[in-house]
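> Can you look at this prediction? I've put the sequence above it.
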Amino acid sequence: MRSDGLDRKIPGFLVIGAGALIGFTMLVVALGRTGGVAVPEAQPAQARQSVALRVDDQADGSITLRDAGSDHLIATVMPGQDGFVRATLRAFAQARLREGLTREQPFRLTRFEDGSLELGDDATGRRVNLGAFGPTNLQAFARIMPGTGAAQ
């Protein structure tokens with residue numbers, strides 16, 4: 001009995017209903033996970049263009065991005081410019097350092113047939129869809145992709 005003098009009980013049909021709802025939910029989840037229900041999977045977009053990027057720090061604070069295969073200069077990022085590009089490449093480089101890896105292996109910038117861009121690091125397995133950071137930041141890396149004519 002409660003201290004306020006009222007004896008309140010939960011009606012039996014509510015307890016049975018809650019139990020039935022929980023049981024039904026568990027049954028549906030189990031069926032969905034174990035079979036019978038096919039979940040359509042989106043086909044990944046195919047890579048259309050890819051470049052292996054070697055990133056080098058320069059004495060004046062700029063960074064150069066070179067095609068690792070040909071050593072061709074793709075772009076130079078001057079100090080104070082392209083902050084997103086700098087920060088993203090720095091984060092990738094720091095992840096390598098944390099894992100005790102060297103800077104020797106290049107990063108990979110890939111454009112897919114759906115227009116998306118991905119920066120990847122085969123050394124760490126890290127991959128970032130650059131479109132997740134908005135169109136302006138996506139465009140910052142799109143300018144780096146060879147053949148766009150916008151790299152500086």
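Received it, and whenever you're ready, just let me know what you need. Numbers count the residues shown, from 1 in each chain.

> Next SSE downstream of the longest helix along the chain?
Of all the segments assigned as helix in the chain under DSSP state H, the longest by residue count is helix 12-34. Next in sequence after helix 12-34, counting helices and strands by DSSP states H and E, comes strand 47-57.

> May I see the buried residues of that following strand?
Judged by neighbour count (16 or more other CB atoms under 10 Å), strand 47-57 contains these buried residues: 51, 53-55. Heads up, the C-betas are built off the backbone N, CA and C, glycines and all.

> Check stretch 65-85 too.
By 16+ other CB under 10 Å, the buried positions in stretch 65-85 come out as 65-66, 68, 74-77, 82, 84-85.

> Give the rounded mean pLDDT of it.
The average of the pLDDT scores along stretch 65-85 is 92.

> Now find how far off-centre that stretch is within its chain.
21 Å (CA atoms, centre = their mean, to the nearest Å).

> Let me see the residues that make contact with it.
Outside stretch 65-85, the residues that touch it by CB atoms under 8 Å, 6 or more residues apart in numbering are 51-56, 58, 60-64, 86, 106, 133, 136-137, 140-141, 143-144, 146, 151-152.

> mind checking the end-to-end distance for it?
Using CA to CA, to the nearest Å, the end-to-end distance of stretch 65-85 comes out at 11 Å.

> Secondary structure element for the most centrally placed residue in the chain, which one?
By CA atoms, centre = their mean, the chain has its centre lying nearest to Val128, at 3.5 Å. Taking DSSP H and E as the definition, one finds Val128 inside strand 126-129.

> List the pairing partners of that strand within its sheet, with orientation.
Using DSSP bridges, strand 126-129 pairs in its sheet with strand 117-121 (antiparallel).
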